[in-house]
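Student: Structure of the sequence below:
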Amino acid sequence: MFSFFVPLLGVLAIVLNAIGMAIKDLIKTKILLGTSVVFIIPDLYQSGGIHGVYQSVIIALMYYVGAFEYRKLERAILYSIPFFSIFLLLGLKEYEGLFLVLASITTPLATISKDSFKMKLLLLVSTFSWGIYAFLMEAWFAFTFDLLGAFALIYFFGQYRREKKARELLDNVYEECIKVKDEILP
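Tutor: Here you go, the predicted model:
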C-alpha cells in the first residue's frame with residue numbers, strides 16, 4: 001500500500017516544487033516548497049535516504065515558519081544552523097549525506113529570507129546539493145523534483161532579469177521626460 005502512494009506523492013511534490021520555484025510571491029513560494037518537501041519524504045525513505053528524511057522533516061517545518069513569519073522561531077533557526085550542520089556531519093547515516101551538509105546551510109537561510117531573489121539564489125545551491133544526493137541514493141522522484149526545481153529557478157532568474165531591464169528602460173524614459181519638461185517649462 002505504501003509503495004502505491006510514493007509515486008503519487010512524488011509526482012505531486014515535483015509539480016508543487018516546480019511551481020514554488022518559478023513564482024515570485026515569497027509566502028506562496030515557502031508554503032508550496034514546504035508542502036512539496038513533505039510529499040517527497042516517502043520517496044527518500046523508500047530509497048534508503050534516512051539522512052534526507054530527517055532533514056526534510058526539519059526543512060518543511062522551517063519553510064512553514066518562514067512563510068508565517070514567526071520571528072522568534074526564525075531567529076532560532078538562524079542560530080541553530082551551525083549546530084544543525086555539525087549534527088548532520090556527526091550523524092551521517094550514509095556518505096552521500098555529505099551533500100546535505102551544504103544544503104543544511106543554504107536551505108535554512110532560504111526559508112527565513114525576506115527577499116525572493118536572495119531566497120532563490122540560496123535555493124539554487126540547495127537544489128543542486130539535494131539533486132546530487134537524490135541521484136546517488138537512486139531516489140528518482142526526489143531527483144526529478146530537484147531537476148525540475150533547478151529548471152524552474154532558471155526560469156525565475158530569466159523572468160527577473162527581463163523585468164529588471166524593463167524597469168530600467170521605463171526609469172530612463174521617465175528621466176528623459178522630466179528633462180524635456182524642465183527644458184520646455186523653465
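Student: where does the protein dip in pLDDT?
Tutor: By pLDDT under 70, the weakly predicted segments of the chain are 1-2, 88-94, 186.
Student: Just want the most central residue of it.
Tutor: Nearest to the geometric centre of the chain sits Leu123, at 4.0 Å (CA atoms, centre = their mean).
Student: Now do the same contact list for the nearest residue in space to Thr35 that is not next to it in sequence.
Tutor: Counting by CB to CB, 6 or more residues apart in numbering, Thr35 lies nearest to Leu16, which is 5.6 Å off, once chain neighbours are set aside. Backbone N, C-alpha and C define where each C-beta goes, glycine included. Counting by CB atoms under 8 Å, 6 or more residues apart in numbering, Leu16 touches 32-33, 35-36, 39.
Student: Most neighbours among those residues, please name it.
Tutor: Greatest neighbour count in the contacts of Leu16, by other CB atoms under 10 Å, goes to Leu33: 29 neighbours.
Student: ok, it touching Gly20?
Tutor: Yes: counting by CB atoms under 8 Å, Gly20 is a contact partner of Leu33 at 4.3 Å.
Student: what's in contact with the strand or helix carrying the residue nearest to the centre of the chain?
Tutor: Secondary structure assignment for Leu123, by DSSP states H and E: helix 116-137. Contacts to helix 116-137, defined as CB under 8 Å, 6+ apart, come from residues 21, 24-26, 29, 33, 44, 47-49, 52, 94, 96-97, 99-100, 102-103, 106-107, 109-110, 113, 140, 142-143, 145-147, 149-150, 153, 156-157, 160.
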